[in-house]
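>>> What follows is a predicted protein model with its sequence.
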Amino acid sequence: MRKIACGGKLNILASMTRAQANTKAFPVSWREGWVAAVALVWVLAVRVPWPEWMLNPQYQYALAVPFLSAVFFALRWGDRPAPRPGSGAPAAVACVVLGISTLLLGAVQPVFEANPDWRLLSLLALSAGAAWTLSVVFFAGGIPWVSHFAFPAAFLLVGIPWPRNGETEIMNVLMQANSGIVVEVLHWCGYAARRQGNLILLSGGLLGVEEACSGIRSLQSGIVAALAYGELIRLGLGIRCVLIGVAIGATLLGNMCRVILLSLLATGRGVEAMEGWHDSAGLVILVGTILAIGVVASLLGGGRAVPKTHSASGGFAPLARWSPLLLASAAVLAASWAGTEAWFRSHENLAENRVEWRLARRSPAGGAKDVKVPEQTLDILRFPEGFSESWRDEGGLRWQAFYFRWEPGKVGSQVTRTHQPAVCLGATGMTLEQTYEPLVYEKDALRIRIDAYQFKKNGRPLYVFHSISEDYSQLGDIPPSGGISLKGRFDAVREGRRNRGQRMLELVTWNAESYEKAEQGLRATLDRNILFGKADGP
């Protein structure tokens, strides 16, 4: 009997040992490996839209999106359901999703390095990151976990920059609506005002309703705030949709009040006084709107509390069987990142052929006058070097020139291609009449392409010459300018060409008899004012 008892004890101890071994079947090293893989995926996904988030004030709200997404994951981890790791067809689908998202995210890296301004890549990268994350969630806890953690993963997508054409159309509609309302309000208050495009002509100066005044920045931030409040309070889907509608209405109303108040201030005290309150008013409206959304969210939530933490077991052990897939995915992504940098660095010697040139200022003795560039424009363009001036040339043509230069990096390509004449001049009430064949200007080893346009302002033609050139030149090559084709984007990858610095040159004349006269004046101006070598100062 004693032997049997001892044997029973041994069996019990053996069972306990096997149970403990099963709970530790997923070593700490593997758990850390999965965490490192998730971190790598998020870094590669977020680095694609990051320049847009950093440089474009309209999308700086998105800098908080990855942090909020991680916070939402942590909050939902506390009340996660019991894991039911899937198998069979669902597991096969998850493997396919993981593979496709890995290949997609890896393929985006070299294309992004050559085309940091291409917003489609942000859509692909963040979507791939979210899909990859959810596939790992499935491996850990099955379909219940995918449903539970879907929102934190999908929240990454709110940081995707909007398509440029659609964004521009929305901004134009909002700017025109705001400028029209402002003119009406000024008339009601007894002030004389006239609208010209998005410009408002006042007795004391010119008031511009620009992109920052369109309200689209507040609109995007309000939607994100509504989504965040809905998740923190765990509102139902219907109430969250209502909250988004409230956010849209509140942001549009708040921005409209801001523009009206600033216009009244500009009319009463001058445009200079209004500029001092521009950013402060915007911040007050933004904070007030977010607080209003929070109050409405609390009222709609009815004091509903976030579900309390319960002891859900598991979380990492089921991932052990998928460790080889982890290794393959992490290896592909790491190789893509390292290979991208190696490929572009191997082509960096092209910079040895860089041609140092600049547009020189004209002498004030010759009638040249500096034109002040608004501080808001400087903040948006973020250029360390440049100027704007106007003059009348020897042939009697009146000119205004803009010359900006960016150091090597992703800054130039991000901002230059978002500010094209058709968009910027169109916002001031000018009408694009004709687009001419691009010009090629040559001087010694320099060859640049210049896009030519004809606008109409007050019934008179206005000729605009616009060029974006990269800060290097190979003999016989013309650096890209203006828009870039799909083939051009992939050619940049194949040639290992990423931004080494850029220059934007724009010359405008508004009293030329014809396009031919304007082109002749342009070439004469460039022949005289383009100098080679580094500038002594900005």
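Sure thing, it's come through.
>>> so where do the strands sit in this protein?
Under the criterion DSSP state E, the chain carries strands at the ranges 193-196, 199-202, 205-208, 357-359, 369-370, 385-392, 398-406, 431-443, 446-457, 460-470, 502-509, 530-532.
>>> where does the stretch 201-350 of the chain dip in pLDDT?
Low-confidence segments of the stretch 201-350 of the chain (pLDDT under 70): 202-215, 268-279, 302-318, 349-350.
>>> who's in contact with residue 373?
386-388, 402 (C-beta atoms under 8 Å, 6 or more residues apart in numbering). Glycine gets a C-beta too; all of them are placed from N, C-alpha and C.
>>> can you give me the helices in the stretch 51-200 of the chain?
Remark: helices assigned in the stretch 51-200 of the chain by DSSP state H, counting those that start in this stretch are 65-78, 89-114, 119-154, 164-188.
>>> among these, which is nearest residue 218?
Residue 218 lies closest to helix 164-188 among the helices of the stretch 51-200 of the chain, at 10.1 Å (C-beta to C-beta).
>>> Averaged pLDDT, that closest one. What do you get?
Mean pLDDT, helix 164-188: 77.
>>> so what pLDDT did the closest residue to residue 146 other than its chain neighbours get?
Leaving out its chain neighbours, the residue that sits closest to residue 146 by C-beta to C-beta, 6 or more residues apart in numbering is residue 138, at 5.1 Å. Note on residue 138: pLDDT of 91.
>>> Cross-check the contact I'm expecting between residue 138 and residue 86.
Yes: using C-beta atoms under 8 Å, residue 138 is in contact with residue 86, at 6.1 Å.
>>> In terms of neighbours, single out the busier of those two.
residue 138 (25 against 20; other C-beta atoms under 10 Å).
>>> For that one, give me its contacts.
Neighbouring residues of residue 138 by C-beta under 8 Å, 6+ apart: 86, 90-91, 94, 145-146.
>>> Could you turn the buried ones of those residues into a ChimeraX selection?
Here is the ChimeraX selection string for the buried members of these, based on 16 or more other C-beta atoms under 10 Å:
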select :86,91,94,145,146
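>>> Dump the contacts of residue 138 into CSV; add pLDDT as well.
Output for the contacts of residue 138, formatted as CSV (pLDDT from 0 to 100):
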residue, pLDDT
86, 71
90, 88
91, 89
94, 91
145, 92
146, 92
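>>> Can you tell me which of the contacts of residue 138 is closest to residue 221?
Using C-beta to C-beta, these come closest to residue 221 at residue 146, 28.9 Å.
>>> ok so, going back, mean pLDDT lowest for which of the strands of the chain?
Among the strands of the chain, strand 205-208 scores lowest, with a mean of 62.
>>> which residues touch the nearest residue in space to residue 261 that is not next to it in sequence?
With C-beta to C-beta, 6+ apart as the criterion, residue 261 has its nearest non-adjacent residue at 6.5 Å, and that residue is residue 281. Counting by C-beta under 8 Å, 6+ apart, residue 281 makes contact with 258, 261-262.
>>> returning to that earlier point: between the helices of the stretch 51-200 of the chain, which gets nearest to residue 456?
helix 164-188 (17.6 Å).
>>> so that closest one versus helix 119-154, what angle?
With axes from the mean of the first three to the mean of the last three C-alpha atoms, to 10 degrees defining the directions, helix 164-188 sits at 80 degrees from helix 119-154.
>>> Residue 105 is in contact with residue 132, correct?
Yes: when contacts are counted by C-beta under 8 Å, residue 132 is listed as touching residue 105 (6.9 Å).
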